[in-house]
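J.: Got a sequence here, can you model it:
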Amino acid sequence: MTGRKSWADALRGRLKPIYSFAQDLQNLVDIGNAPLPRISPKTMRHFAKPTFGTADTSRGCPFACSFCTIINVQGRKMRERSPESIAELLRLNYREHGVSFYFFTDDNFARKKLWRETFEEIIKIRREGIKISFMMQVDLARKPKDFVRLAAEAGCTQVFIGMESVNPQNLKAEGKGQNHVGEYQNIIKEWHDAGVVVHTGYIIGLPFDTKEQVPQDIHYLMDVIQPDQASFFMLTPLPGSHDHREMKKRGEWMDPDFNKRDSFHATIKHPNMTAGEWTQAYTDAWKMFYSKENMIKILSRWNHNPKVYWNLMSVFFWYKNAALIEKEHPMIAGFFRLKDRLARRSGFAVDPLPVHLWKRSKEVFQLFISWAKFFKEMEEVWLQTRKKSEKEERWLEEAQRIQGEIWQALKIAEWQKAYSDAKATLPARAKALLDPFEELSSKILLTRRDLNAFLRQWDGLQGRLQELRLHLTREGEAARVWLDEMARIHRGIRMGSRIQEWQEAYARLRHSLPSKYRLLHARFDALSNRALYSREPLDRFWANTLDQLKRMRIWNIDLGKLTAAV
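T.: Got it, this is the predicted structure:
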């Protein structure tokens with residue numbers, strides 16, 4: 001009634017200073033038969049994906065997380081639309097506007113009473129040939145039987161989970177006792193087994209966070225919990241939340257600039273971190289999760305599913321570009337910001353056109369440089385995670401087995417480790433002679449000719465070691481210890497007639513050799529005894545070449561290394 005009364009008062013010109021909606025929140029209007037939102041084609045043209053839509057099939061959340069404002073807007077009592085009306089909306093939007101993907105904005109889809117019936121209606125639609133898919137938000141506490149299976153069958157491709165923290169003390173402090181960290185891993189694995197991507201929301205700056213603890217928690221999130229995507233936020237006392245109300249009562253400082261109350265800025269005094277430390281911890285969380293290594297790990301889990309793989313790849317482009325290049329939160333950023341010279345906040349002067357163009361040109365130039373580096377990084381991610389053809393997989397498996405035997409017989413992993421350990425202390429003369437060892441030890445042998453060339457190079461390396469022993473005996477203890485270690489490894493090598501066995505094995509492999517273009521960036525990792533795809537050797541060559549050019553030492557550029565790199 002309060003809503004109707006306020007409108008009536010407004011029409012009569014008798015508005016009161018304050019209206020309380022508390023009673024209305026206790027007796028919220030049933031939305032089961034409320035009108036469904038209609039899509040505006042004019043509005044949809046402004047979006048990058050006009051086939052994407054949103055819908056709320058229910059409202060409310062039974063929990064009382066202290067940082068949350070949704071429960072004070074939509075209430076804690078669950079109300080929902082009928083499954084039939086939802087199905088009607090999906091069919092209508094598909095027929096009239098081609099909308100095939102939805103973000104169901106329900107704060108907690110798993111708490112719907114009619115979740116099963118809703119999924120079954122969507123499954124019927126899919127069986128009609130209307131391939132609807134969607135993402136939704138769920139919690140980590142409710143685990144109804146068949147929920148995950150039916151969600152995947154209905155077309156769920158991604159779930160957003162408000163994980164917030166992996167620290168139980170933080171969860172308790174923020175009233176999120178329904179989350180149990182020990183259950184996270186199994187819950188996410190269940191979604192993964194159903195082919196559904198998991199996107200977690202994570203808050204930096206909860207009461208028990210410290211600058212030392214946050215990186216440890218993010219490592220635990222990546223290595224143990226293993227979500228596919230993460231969105232990070234800084235704890236912010238949003239007006240309407242329990243946190244804001246209690247801080248107001250205690251008279252604690254909150255940044256008065258509401259432009260910063262976006263969950264991406266430090267707007268309160270943290271008990272364990274300065275504002276700078278807190279902001280750095282937040283930035284580092286993005287860097288850690290969207291590091292090349294973690295993206296490779298995530299995509300490697302999904303390269304059996306091309307649709308999910310490429311969806312995640314596009315998300316990584318979007319998220320890393322936004323968070324670490326454009327310096328904006330991905331949820332409010334695109335790929336290229338259009339800056340209108342005249343669109344200035346009140347109080348800021350409008351730059352003359354030449355000044356604006358000069359500033360913008362510098363920004364765009366720097367952005368393009370960052371993009372060039374970023375695309376190279378993502379190419380490396382793709383090379384190391386892409387799905388190989390069956391022929392390529394079979395060939396690599398056999399070549400890897402043979403090469404693994406060769407590397408084991410020659411103790412290359414031991415050589416590599418000893419060289420890496422001693423490299424910093426070796427004299428320049430030793431490093432100059434042995435640097436080719438790194439390229440040699442990572443080379444993939446494709447044919448018998450490659451094997452014979454490798455063995456000749458290997459014999460040459462042994463000669464270099466003998467030469468070093470003659471010249472480095474007075475270079476100090478470190479050089480002597482390293483040479484003794486090399487000699488020990490060398491004495492343990494026994495090849496005998498095995499070379500002929502390897503040559504015969506490569507002769508058998510010749511007819512199944514895939515396109516050499518496909519194997520262009522294949523490298524062998526002696527320590528893990530497996531083949532991988534990487535252009536890092538090529539990148540190292542160009543970086544070293546550029547360094548030599550800057551120093552005007554053209555004679556130090558070794559084009560032979562370019563051949564080895566490719």
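J.: Which residue, neighbours along the chain excluded, lies closest to the residue positioned nearest the centre of the chain?
T.: In the chain, the residue lying closest to the centroid (Cα atoms, centre = their mean) is residue 290, at 4.2 Å. Closest residue to residue 290 apart from its sequence neighbours, by Cβ to Cβ, 6 or more residues apart in numbering: residue 320 at 4.5 Å. Heads up, the C-betas are built off the backbone N, CA and C, glycines and all.
J.: which helices and strands sit right next to the helix or strand encompassing that neighbour?
T.: Taking DSSP states H and E as the criterion, residue 320 maps to helix 306-320. When contacts are defined as 3 or more Cβ pairs under 8 Å, 6 or more residues apart in numbering; DSSP states H and E, helix 306-320 sits against strand 197-204, strand 229-234, helix 292-302, helix 353-385.
J.: Lowest average pLDDT across the ones you listed?
T.: Lowest mean pLDDT within the helices and strands packed on helix 306-320: helix 353-385, at a mean of 89.
J.: So which bits of that one are buried?
T.: 378, 380-381, 383-385 (16 or more other Cβ atoms under 10 Å).
J.: what about residue 325, distance to residue 360?
T.: 16 Å (Cβ to Cβ, to the nearest Å).
J.: One more: residue 446?
T.: 49 Å.
J.: just residue 507 next, same as before
T.: Taken as Cβ to Cβ, the span from residue 507 to residue 360 is 61 Å.
J.: Point out where the stretch 1-150 of the chain drops to low pLDDT.
T.: The model of the stretch 1-150 of the chain has pLDDT under 70 over residues 1-5, 20-29.
J.: how about 90 then?
T.: Residue ranges of the stretch 1-150 of the chain with pLDDT under 90: 1-80, 96-98, 106-108, 110-113, 139-145.
J.: That one: helices as residue ranges?
T.: With DSSP state H, counting those that start in this stretch as the criterion, the stretch 1-150 of the chain has helices at 2-12, 22-26, 41-44, 70-73, 83-97, 115-127, 147-153.
J.: right, so of these, which gets closest to residue 344?
T.: helix 41-44 (26.1 Å; Cβ to Cβ).
J.: Can you list the neighbours in contact with that closest one?
T.: With contacts defined as Cβ atoms under 8 Å, 6 or more residues apart in numbering, helix 41-44 is touched by 50, 97.
J.: ok, 10 Å please
T.: Outside helix 41-44, the residues within contact range by Cβ atoms under 10 Å, 6 or more residues apart in numbering are 50-53, 96-99.
J.: Pull the most distant pair out of these.
T.: Top of the distance list for the contacts of helix 41-44 (Cβ to Cβ): 52 and 96, 15.1 Å.
J.: Comparing these two, which residue is more hemmed in?
T.: residue 52 (14 against 11; other Cβ atoms under 10 Å).
J.: picking that back up, show only the entries of the contacts of helix 41-44 found in strands.
T.: Here DSSP state E is the test, and the contacts of helix 41-44 give 52-53 as lying in strands.
J.: quick one: which of the contacts of helix 41-44 is nearest to residue 8?
T.: residue 53 (34.3 Å).
J.: what residue ranges in the stretch 151-300 of the chain are flagged as low confidence?
T.: Across the stretch 151-300 of the chain (using pLDDT under 90), the flagged ranges come out as 172-182, 238-244, 246, 258-259, 261.
J.: can you rerun that using 70?
T.: Counting by pLDDT under 70, the stretch 151-300 of the chain shows no low-confidence range.
J.: mind listing the helices for it?
T.: So, for the stretch 151-300 of the chain - with DSSP H, counting those that start in this stretch - the helices run 168-173, 181-193, 213-220, 242-250, 275-289, 292-302.
J.: which one of those helices lies closest to residue 30?
T.: Comparing these by Cβ to Cβ, helix 242-250 comes nearest, at 26.8 Å.
J.: Give me the contact list for that closest one.
T.: 64-69, 71-72, 174-175, 235-239, 241, 252-254, 261, 268.
J.: got the buried residues for it?
T.: 242-244.
J.: same deal with stretch 400-407?
T.: 400, 402-404, 406-407.
J.: cool, and stretch 209-225?
T.: 209-211, 213-214, 217-218, 221-222, 225.
J.: circling back: could I get the buried residues of helix 242-250 as JSON lines with distance to residue 103?
T.: Compiled in JSON lines, the buried residues of helix 242-250 are given as follows (distance: Cβ to Cβ, whole Å):
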{"residue": "242", "distance to residue 103": "27"}
{"residue": "243", "distance to residue 103": "26"}
{"residue": "244", "distance to residue 103": "27"}
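J.: Which of those residues sits closest to residue 458?
T.: Nearest to residue 458 among the buried residues of helix 242-250, with distances taken as Cβ to Cβ, is residue 243, at 65.4 Å.
J.: Tell me the spatial nearest neighbour of residue 116, not counting adjacent residues.
T.: Nearest non-adjacent residue to residue 116 (Cβ to Cβ, 6+ apart): residue 150, at 6.5 Å.
J.: ok, now which ones touch the spatially closest residue to residue 111 that is not a sequence neighbour?
T.: The shortest distance from residue 111 to any non-neighbouring residue, by Cβ to Cβ, 6+ apart, is to residue 78 (5.5 Å). Contacts for residue 78 (Cβ under 10 Å, 6+ apart) come out as 28, 58-62, 106-108, 111-114.
J.: hmm, which of those residues are the buried ones?
T.: Buried among those by 16+ other Cβ under 10 Å: 28, 58-62, 106-108, 111-112, 114.
J.: and of the residues you listed, the nearest to residue 156?
T.: Of these, the one sitting nearest to residue 156 (Cβ to Cβ) turns out to be residue 106, at 12.5 Å.
J.: So what pairs up with the closest residue to that closest one other than its chain neighbours in the strands?
T.: Taking Cβ to Cβ, 6+ apart, and ignoring the residues beside it in sequence, residue 106 has residue 58 as its nearest neighbour in space, at 4.6 Å. As for beta bridges, residue 58 partners with residue 80 under DSSP bridges.
J.: my guess is residue 58 meets residue 85, correct?
T.: No. Contact criterion Cβ atoms under 10 Å: residue 58 and residue 85 do not qualify, at 11.8 Å.
J.: shared neighbours of the two, anything?
T.: 31-32.
J.: mind checking pLDDT for the residue nearest to residue 290?
T.: 95.
J.: What separation is there between it and residue 379?
T.: Relative to residue 379, and taking Cβ to Cβ, residue 320 is found at 14 Å.
J.: Over to residue 160?
T.: Residue 160 is 29 Å from residue 379, by Cβ to Cβ.
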